[in-house]
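A.B. asks: pasted the sequence and its predicted model underneath.
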Protein chains: 2
Amino acid sequence: MHLNGLSKKKVMAELKRIQKQDQRYEDGKILSSMCTKPLPMAEKAYRLFLSSNLGDSGLFPGSARLEKEAINQLAQLLHGQNCVGFLVSGGTEANLMALLTARNMAQTSQPEVVLPESAHFSFTKICSMLNLKPVYAGLDSSFKVDSSLVEKCVNKNTVAIVGTAGTSELGAVDPIEELSTLALKHDVWLHVDAAFGGLVLPFLENAECKFDFTLDAVKSMTVDPHKMGMAAIPTGGIIFKESKALDFIKTETSYLTDPYQYTFVGTRPGAAAASTWAVFRSLGIDGFKKTVSKCMKTTQLLADGLCEAGFKLVVKPTLNIVAFRSVKETKHLAEKLWEDGWFVSYIPRYDCIRIVVMPHVNKQHALAFLKDAVAD
Amino acid sequence: MHLNGLSKKKVMAELKRIQKQDQRYEDGKILSSMCTKPLPMAEKAYRLFLSSNLGDSGLFPGSARLEKEAINQLAQLLHGQNCVGFLVSGGTEANLMALLTARNMAQTSQPEVVLPESAHFSFTKICSMLNLKPVYAGLDSSFKVDSSLVEKCVNKNTVAIVGTAGTSELGAVDPIEELSTLALKHDVWLHVDAAFGGLVLPFLENAECKFDFTLDAVKSMTVDPHKMGMAAIPTGGIIFKESKALDFIKTETSYLTDPYQYTFVGTRPGAAAASTWAVFRSLGIDGFKKTVSKCMKTTQLLADGLCEAGFKLVVKPTLNIVAFRSVKETKHLAEKLWEDGWFVSYIPRYDCIRIVVMPHVNKQHALAFLKDAVAD
């Protein structure tokens, strides 16, 4: 640290200079992220509540109310009734809270969790932390977990089954309905990681699959407003079907206005609740449907264009994610696209290039990308 | 969620109405929080970087640089050389990362951690999650951990010893130098939770105690910019003495620009780095010294005033925290103060009222509080 401070003007000038190194979502080159530019409304709301702390809700009952209302709206979207939940730091904390609850509730000495091979890498962190043995079930030809393989992995040590509604790599939606049947049969906690898909699937036209609290065995869901919810980072969401779940993860506090804490993180930004609430209130279901529809149209445009140009889709897109392969070396194509300034993900596991068509990606960006992909 | 959205103007009006239920730091009634109103500079910087994600640093190299520089400045303040670290969601995640590293490094089948009885409640969460057995060591008459009792708790299963530099309840600073000697002797990881004190002690006049990386055995430290660093929530800090620690907590990512992640949380706000960096750059060491000096003067004013009025201090303040008892029932006094609108903590463990004199608490607030405390 310098001995003396600098004027506000100089600090801001330095920050703006350094910020030029960051990519900007609005330039349309970021095709690899599940985050996006927050809605202007989300930014305004975040700013207004910047001092607030949800971890000390007696001081900030207004913010706590916004959190509760946002959670209720998420739960309602996911067909939950009398659910409880929290806005947390992101999908990792949400998934942690779900598996911690399941582990603590089961009280097994050698706890295991059955995960799809396509589960998010946050589960690797969580299993290592919680001393949960991850048991991976294979996928079917459309990259959804094969529920018959899941069943083979279930045993007396299984404390939870996880399904994903929108995998990070391919946007695949696991057969949650089949997992629910299994989970009921074996009396095991079913957690649905809908961090990404939870704010896409409810707004899709012609969505058929059941993936949420409509299904009896679904006990907890992750759904992140800072992904397709267009709220500011950090805003994850965890929703539990029943409030009794909280008994298994509560910690006594010693000096706060709340006697117990349920989230992993203690001090939590009230601004995250305000920004989520503001997005929900200003868009409504209609606004979300329009955004999702736009993303899906751009996804289709990309998928069609890539196919026409001779690339091969890994799978027909279910959500706003396109994954494709080159007839030649795909990794090499990815490198060329990176050189052209496109931020795409190369996924070694599937030897594919993967694009997430977030709301900041418009038709013009997609067409420019196609042009470069074809030229490379 | 409503079917239709509302205009921005109406949403903002609703948010402002709801916000009226929240307390405001600037009113000086919040005497129970270790957070404070972020500096205006921190707010501006946060806003500028609101879209940025430190969990995908290839997209945001400018933000990543701000994080690195902020961590380097924290490490330097704490006399670390070649340290590594991260800005994380808060003290809980920071403490988790330290204990996870120690646990994974030790590879003991029945891991234990020795904690002061006064350790923060986040360690309860962490121990439960990590299957770490917490072994509590008692305190001396000044509410610091008794290092001879700590030594009695150390055994072959001990993976870490924790000391606190600024306990949440009383602001006590454990004898970290003695703990360091012990940790070296028993070859155990020493973690210092300086979430609060780490940005107070370096700026205190006449601070004598050693508590940081000056001491050989200190392997990791928690220090939170969103407490006395006056940065915006959520900004905790974890600093490791040696980069090899990271090998024990790394997770492979599958689609991000960073091949590995070390933090628990995946998507992390770049705005937190910008706001911390901005505070450090605009205040400098001199600015921090002035703020800390002001807090300590107000602390002394409160302590003196309370003593003169016949209240009894639990302990002479080391940091900007005052804890006191009434000659009559202290809990009853706390209730009366709550009725008067003062947010103070009542700490059952010590049967005391505890006040944190954060930068938003000025002399006028302190005098008004004293008046009410005496009248009650």
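C.D. replies: Perfect, thanks for sending it. Numbering: from 1, shown residues only, chains lettered A, B, ... in the order given.

A.B. asks: and residue A:114, how far from chain B?
C.D. replies: To chain B, residue A:114 is 19 Å away according to Cβ to the nearest Cβ, to the nearest Å. Placement of C-beta: from N, CA and C, glycine included.

A.B. asks: what of residue A:286?
C.D. replies: Distance from residue A:286 to chain B, by Cβ to the nearest Cβ: 5 Å.

A.B. asks: surely that residue meets residue A:293?
C.D. replies: No. In this structure residue A:286 lies outside contact range of residue A:293 using Cβ atoms under 8 Å: 10.4 Å.

A.B. asks: check contacts around residue A:345.
C.D. replies: Residue A:345 makes contacts with A:32, A:169, A:353, A:354, A:355, A:356, B:255, B:256, as judged by Cβ atoms under 8 Å, 6 or more residues apart in numbering or on different chains.

A.B. asks: nearest to residue A:69, of the residues you listed?
C.D. replies: residue A:356 (28.4 Å; Cβ to Cβ).

A.B. asks: picking up where we left off before, quick one, which of the contacts of residue A:345 has the minimum pLDDT?
C.D. replies: Minimum pLDDT for those is recorded at residue B:255 (87).

A.B. asks: angles on the backbone of the closest residue to that residue other than its chain neighbours, please.
C.D. replies: Leaving out its chain neighbours, the residue that sits closest to residue B:255 by Cβ to Cβ, 6 or more residues apart in numbering or on different chains is residue A:345, at 4.0 Å. With angles defined as degrees, to the nearest 10, residue A:345 sits at phi -90, psi 140.

A.B. asks: gap between residue A:345 and residue A:338?
C.D. replies: Residue A:345 is 10 Å from residue A:338, where distance means Cβ to Cβ, to the nearest Å.

A.B. asks: start to end distance for stretch A:228-241?
C.D. replies: Stretch A:228-241 has an end-to-end distance of 22 Å (criterion: Cα to Cα, to the nearest Å).

A.B. asks: for chain A, what's the longest helix?
C.D. replies: In chain A, taking DSSP state H as the definition, the longest helix is helix A:270-308.

A.B. asks: for the most centrally placed residue in chain A, phi and psi?
C.D. replies: Central residue of chain A (Cα atoms, centre = their mean): residue A:195, 2.5 Å from the mean position. The phi and psi values for residue A:195, taken as degrees, to the nearest 10, are phi -50, psi -50.

A.B. asks: and for residue A:131?
C.D. replies: In terms of degrees, to the nearest 10, the main-chain angles of residue A:131 are phi 50, psi 40.

A.B. asks: what pLDDT is listed against it?
C.D. replies: Taking residue A:131 on its own, its pLDDT is 97.

A.B. asks: and what of residue A:206?
C.D. replies: pLDDT, residue A:206: 79.

A.B. asks: got it, and the one 5 residues further on?
C.D. replies: Note for residue A:211: predicted pLDDT of 97.

A.B. asks: ok, now which ones touch it?
C.D. replies: So residue A:211 contacts A:163, A:165, A:173, A:176, A:177, A:192, A:194, A:197, A:201 (Cβ under 8 Å, 6+ apart).

A.B. asks: what about chain B: which of the residues you listed touch it?
C.D. replies: Among the contacts of residue A:211, no residue sits close to chain B (Cβ under 8 Å from any Cβ of the partner chain).

A.B. asks: quick one: which of the contacts of residue A:345 is nearest to residue A:67?
C.D. replies: residue A:356 (27.0 Å).

A.B. asks: surely the closest one and residue A:166 touch.
C.D. replies: No. Here residue A:356 lies out of contact with residue A:166, judged by Cβ under 8 Å, at a distance of 10.3 Å.

A.B. asks: could you find the closest non-adjacent residue to the residue nearest to the centre of chain A?
C.D. replies: Nearest non-adjacent residue to residue A:195, counting by Cβ to Cβ, 6+ apart: residue A:91, 3.7 Å away.

A.B. asks: which stretches of the stretch 251-376 of chain A have low pLDDT?
C.D. replies: Filtered on pLDDT under 70, the stretch 251-376 of chain A yields no residues whatsoever.

A.B. asks: same thing but at 90, please
C.D. replies: A:254-255, A:376 (pLDDT under 90).

A.B. asks: would you mind listing what in it touches chain B?
C.D. replies: Within the stretch 251-376 of chain A, the positions adjacent to chain B are A:251-257, A:261, A:264-271, A:274, A:277-278, A:280-288, A:343, A:345, A:347-349, A:354 by Cβ under 8 Å from any Cβ.

A.B. asks: that older thread, in helices only, show me the contacts of residue A:211.
C.D. replies: Those of the contacts of residue A:211 mapping onto helices are A:176, A:177, per DSSP H.

A.B. asks: quick check, nearest of the contacts of residue A:211 to residue B:375?
C.D. replies: Proximity of the contacts of residue A:211 to residue B:375 was ranked by Cβ to Cβ; the top entry is residue A:194 with 54.5 Å.

A.B. asks: residues touching that closest one, list them.
C.D. replies: Going by Cβ under 8 Å, 6+ apart, residue A:194 touches A:78, A:164, A:165, A:166, A:201, A:211, A:212, A:221, A:222, A:223.

A.B. asks: just checking: what are the partner strands of the longest strand anywhere in chain A?
C.D. replies: Secondary structure of chain A per DSSP state E: the longest strand is strand A:158-164. Paired neighbours of strand A:158-164 in the sheet (DSSP bridges): strand A:112-116 (parallel), strand A:189-193 (parallel).

A.B. asks: flag the shaky bits of the stretch 101-250 of chain A, pLDDT-wise.
C.D. replies: Ranges of the stretch 101-250 of chain A meeting pLDDT under 90: A:205-209.

A.B. asks: those helices in it, which residues are they?
C.D. replies: Ranges of helices in the stretch 101-250 of chain A, per DSSP state H, counting those that start in this stretch, are A:122-130, A:147-153, A:176-186.

A.B. asks: may I see the buried residues of the longest one?
C.D. replies: The reference is to helix A:176-186. A:176, A:177, A:178, A:179, A:180, A:181, A:182, A:183, A:186 (16 or more other Cβ atoms under 10 Å in any protein chain shown).

A.B. asks: next, format those as JSON lines and append distance to residue A:141.
C.D. replies: Listed next are the buried residues of helix A:176-186 as JSON lines, based on distance: Cβ to Cβ, whole Å:
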{"residue": "A:176", "distance to residue A:141": "18"}
{"residue": "A:177", "distance to residue A:141": "19"}
{"residue": "A:178", "distance to residue A:141": "16"}
{"residue": "A:179", "distance to residue A:141": "18"}
{"residue": "A:180", "distance to residue A:141": "22"}
{"residue": "A:181", "distance to residue A:141": "21"}
{"residue": "A:182", "distance to residue A:141": "20"}
{"residue": "A:183", "distance to residue A:141": "24"}
{"residue": "A:186", "distance to residue A:141": "25"}
